[in-house]
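Enquirer: Predicted model, plus sequence, below.
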Amino acid sequence: MLKDRSILLGITGSVAAYKSIELIKGLRHEGASVKVVMTEASKRFITPLSIELATESPIEPASGNSVYCDMFDSPLSHVSLPADADLFVVAPATANIIGKYANGIADDLLSTALLAFNGKVIIAPAMNWRMYENPVFQKNLQYLVSIGVKTVGPERGSLACGEEGIGRMADIEKIMEAIRTALSKQDIAGEKVLVTAGPTREDIDPVRYISNRSSGKMGYAIAKIAKRRGADVTLISGPVAIKPPDGVDVINVETANEMHAAVMDNISRSSIFVMSAAVADFMPAESKGRKIEKKEGLSLDLIKTGDILEDAGRLRNKPFIVGFAAETGQRLDRARKKLVDKNIDVIVFNDVSKKGSGFDVDTNEVVIIDKKAEKRLPLMSKDDVAIALFDRIIELKYNNG
Ligand code: PMT
């Protein structure tokens, strides 16, 4: 995702400075080149040598110097460093650097380079909660936001001073996602994407239910990539154990009936609907209000749940609709039939019996089928499946396939 992108990272004097190493490694892992500007205060928390080592890798050594501290070591570095960067990230960003940047003060390499940069900037504030809530700081922060600077965090939690409050630097994964978003094409901006994910649970009694192995990973990846590419995203999720992507509206449901109702409540506001949830096809005809005792024995009468995708396909003003077909074996014929029967635009054939594909794994192997073409993809991460899916949706929606 970040291959060949050039990131200039500013590190300032916060106890969170040591986390920059993880950030640099994450960026390098995704193919970015990273150059670092450290302030004098940051060197009290982490050494330039540690940062230098993080920017190097035995496989792909960073070219030339990668850590800069002093304006006068190389007199034009405050101009040449920003000129080469696709993105400027300051993490952690103290109240001091935010105040200087908001007020045009350029008295060291980092603050000068920030003023000399005219691309996208992300800051990850980190400070004591009193400083964060101070109206002087808030005014500076809001000014930066008003001119397009993106902020990530801070988060609430225990702070370096031992107090609880807002001021912890955002998680590295959140900063990474903000970077991916900033460097990602915004080709579905303006779209309202509705995604379903995860399993449903159909109660037998208050302690037992019928469900399936869906972890929600595929649907959450779809929601994340839609958000990253600029869409407004609503995620209707069955019970899962993973965290939803940032910036996505989440509606939690439990049963197929609840998912059906949530989809119908939201679909008229959506321009793209992706049904990747594994909805239970059957539910008990009757759910007992009390725990069934072992000695009673148990035989279940099952009835079909309503087909959400089929009902969506019948709507008069329907959005662009994508369904998934979870099959065991190469039953592409069954997927093609679902595309036609459910009157939808795309179906993603998913052989869930293949190793590394389908339920509760990080990867998937799919065929994207529409009325014009079938695209077989190799085994890849669920994020990459979501990227390929939106590439195809855009081709079909905007370029007529
Ligand atoms: O969550 P993960 O662990 O990441 O796993 C991902 C996944 C395997 C769940 C996902 O990739 C997937 O294949 N989802 C669809 C699962 C499924 O229910 O497939 P199906 O062939 O049984 O149903 C066809 C379509 O009808 C699906 O889009 C399904 O969401 C929809 N459906 C099914 C039943 C129902 N009552 N209403 C529906 O809308």
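Expert: Yep, it's here. Numbering: from 1, shown residues only.
Enquirer: give the contact list for residue 234.
Expert: Going by C-beta atoms under 8 Å, 6 or more residues apart in numbering, residue 234 touches 192-195, 248-251, 266, 270. All C-beta atoms are positioned from the backbone trio N, CA, C, and that covers glycine.
Enquirer: let's go with 6 Å and repeat that
Expert: By C-beta atoms under 6 Å, 6 or more residues apart in numbering, residue 234 lies in contact with 194, 249, 266.
Enquirer: Can you tell me how far the first one is from the ligand?
Expert: The one in question is residue 194. Using C-beta to the nearest ligand atom, to the nearest Å, one gets 12 Å for the distance from residue 194 to the ligand.
Enquirer: tell me which parts of this protein are close to the ligand?
Expert: 198, 214-218, 256, 275-279, 281, 305, 307-309, 323-326, 338, 350, 352, 358-360 (C-beta under 6 Å from any ligand atom).
Enquirer: ok, of those residues, which come out buried?
Expert: 198, 214-218, 256, 275-279, 305, 307-309, 323-326, 338, 350, 352, 358-359 (16 or more other C-beta atoms under 10 Å).
Enquirer: Just the residues you listed: which are in helices?
Expert: 217-218, 256, 308-309, 338 (DSSP state H).
Enquirer: now these in TSV, with pLDDT and distance to residue 114?
Expert: Listed next are those as TSV, based on pLDDT from 0 to 100; distance: C-beta to C-beta, whole Å:
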residue	pLDDT	distance to residue 114
217	98	38
218	98	39
256	98	52
308	98	49
309	98	49
338	96	53
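Enquirer: Show me which of those residues is closest to residue 387.
Expert: residue 218 (12.7 Å; C-beta to C-beta).
Enquirer: Which residue ranges of the stretch 251-400 of the chain form strands?
Expert: Assigned by DSSP state E, counting those that start in this stretch, the stretch 251-400 of the chain shows strands spanning 272-275, 282-284, 302-304, 320-327, 346-351, 363-364, 366-370, 374-376, 380-381.
Enquirer: Please identify the most buried of those strands.
Expert: Comparing those by mean neighbour count (mean count of other C-beta atoms under 10 Å), strand 272-275 comes out on top with a mean of 27.
Enquirer: In its sheet, which strands sit next to that strand, and in what direction?
Expert: Strand 272-275 has its sheet partners listed here by DSSP bridges as strand 192-197 (parallel), strand 320-327 (parallel).
Enquirer: Alpha carbons of the longest one, as CSV, please.
Expert: It stands for strand 320-327. Taking C-alpha atoms only, strand 320-327 is exported to CSV below (Å, rounded to 0.1, in the frame of the first residue of the first chain):
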residue,chain,number,x,y,z
PHE,A,320,-25.3,-1.0,-6.4
ILE,A,321,-25.4,-4.4,-4.7
VAL,A,322,-22.6,-6.9,-4.0
GLY,A,323,-23.2,-10.3,-2.5
PHE,A,324,-20.9,-13.1,-1.5
ALA,A,325,-21.4,-16.8,-2.2
ALA,A,326,-19.8,-19.1,0.3
GLU,A,327,-19.4,-22.4,-1.4
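Enquirer: Give me the residues contacting that strand.
Expert: Taking C-beta under 6 Å, 6+ apart as the rule, strand 320-327 contacts 272-276, 309, 312, 334-335, 338, 342, 344-352, 397.
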